[in-house]
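Asks: sequence? don't have it. structure:
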């Protein structure tokens with residue numbers, strides 16, 4: 001027989017081998033992202049902990065995943081209380097331990113107490129979730145690293161990356177373990193530039209996020225003279241490195257090709273520090289393909305507690321999948 005505890009914080013050792021593990025989840029949770037509540041379902045069988053599933057709850061607008069346009073505007077009034085297994089900021093969903101139909105069915109009973117729209121975000125294609133509508137999520141570009149990364153690349157692509165990096169040569173480049181306190185406000189300002197520019201908006205980070213995750217992070221910093229105009233936040237553990245967030249001053253960065261230089265520098269950092277792979281983030285797919293990244297697919301799953309609305313949700317699956325513009 002299964003028993004489930006609803007925890008405010010993850011059990012000790014939660015996802016301890018993942019870059020975005022328990023420490024990251026708690027740092028994010030403590031940063032006070034507006035409109036989100038977090039928790040963890042700990043599933044026990046015969047008093048033995050077998051599964052830990054992180055969840056979040058939010059008000060979800062049906063048009064969230066749509067590109068800007070008339071359809072997005074026309075569906076803006078439809079919203080649900082969303083109870084979702086996964087993490088709002090992590091590209092890949094993680095459940096620790098057993099993931100069986102029995103376990104997920106028990107978790108779903110608890111999810112229905114949190115919201116009317118149930119979801120699983122960023123998982124594989126074959127989660128045992130009968131009755132849920134599967135929808136393709138954004139693929140995650142993942143790049144294999146190694147000391148021979150550049151040597152194995154075709155010469156035309158290698159020369160392209162050299163030109164991109166040369167264009168940013170006038171900028172001062174620094175690496176920091178953690179985020180210096182005096183740069184927190186500026187980093188948050190640059191992050192907001194990218195947030196407002198993005199077509200798809202989900203969570204909106206606070207300044208506290210960058211403070212709370214500082215000890216987990218490395219920062220790549222780009223200065224025009226003495227002004228910070230771009231940053232990359234990297235979080236790594238074991239063989240995996242994650243390109244977590246970037247921020248730019250678009251009015252000044254474009255002249256230096258900074259966006260592209262930031263990813264090249266992240267790759268260089270990953271190679272030098274001995275990481276086997278780097279997640280590059282689910283945006284700007286064309287350039288990440290040039291870098292050699294593969295596209296790891298993700299799937300989201302949805303079920304409404306109202307049978308009629310759930311049937312309609314299945315018919316509207318394309319509304320929940322990424323648009324062509326988001327996959328460029």
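Replies: That came through, no problem. The shown structure was predicted, so the numbers you read here are calculated from the model rather than taken from an experiment. Numbers count the residues shown, from 1 in each chain.
Asks: show me where pLDDT drops low in the stretch 51-200 of the chain?
Replies: Low-confidence segments of the stretch 51-200 of the chain (pLDDT under 70): 62-78.
Asks: what about 80?
Replies: 60-79, 199-200 (pLDDT under 80).
Asks: Helices of that one, residue ranges please.
Replies: Counting by DSSP state H, counting those that start in this stretch, residue ranges of the helices within the stretch 51-200 of the chain are 70-74, 101-111, 155-167, 184-197.
Asks: Out of the ones you listed, which is closest to residue 267?
Replies: helix 155-167 (8.7 Å; CB to CB). Every residue, glycine included, has its C-beta placed from N, CA and C.
Asks: For that closest one, buried residues please.
Replies: 161, 164, 165 (16 or more other CB atoms under 10 Å).
Asks: if I pick the last one, what's in contact with it?
Replies: Same thing as residue 165. The contact partners of residue 165, taken as CB atoms under 8 Å, 6 or more residues apart in numbering, are 261, 264, 265.
Asks: how big is the angle separating the helix or strand where the last one lies from helix 184-197?
Replies: Right, residue 265. In the assignment (DSSP states H and E), residue 265 maps to helix 258-272. Computed by axes from the mean of the first three to the mean of the last three CA atoms, to 10 degrees, the angle separating helix 258-272 from helix 184-197 equals 120 degrees.
Asks: what about residue 262, neighbour count?
Replies: Burial of residue 262 is recorded as 22 neighbouring residues (other CB atoms under 10 Å).
Asks: ok, now which ones touch the closest residue to it other than its chain neighbours?
Replies: Of all residues not flanking residue 262 in the chain, residue 232 sits nearest, at 4.9 Å (CB to CB, 6 or more residues apart in numbering). Applying CB under 8 Å, 6+ apart to residue 232 gives the contacts 219, 220, 243, 245, 246, 262, 263, 265, 266.
Asks: Let's test this: mean pLDDT of the helix or strand containing residue 232, rounded?
Replies: For residue 232, the element it lies in under DSSP H and E is strand 227-237. For strand 227-237, mean pLDDT rounds to 98.
Asks: what's the angle from it to helix 258-272?
Replies: For strand 227-237 against helix 258-272, the angle by the same axes, to 10 degrees is 40 degrees.
Asks: Each with direction, which strands does strand 227-237 pair with?
Replies: According to DSSP bridges, strand 227-237 forms sheet pairs with strand 217-224 (antiparallel), strand 240-248 (antiparallel).
Asks: residues of the helix or strand just after the last one that come out buried?
Replies: Downstream of strand 240-248, the first helix or strand assigned by DSSP H and E is helix 250-253. Neighbour-count burial for helix 250-253, with 16+ other CB under 10 Å as criterion, is recorded at residue 253.
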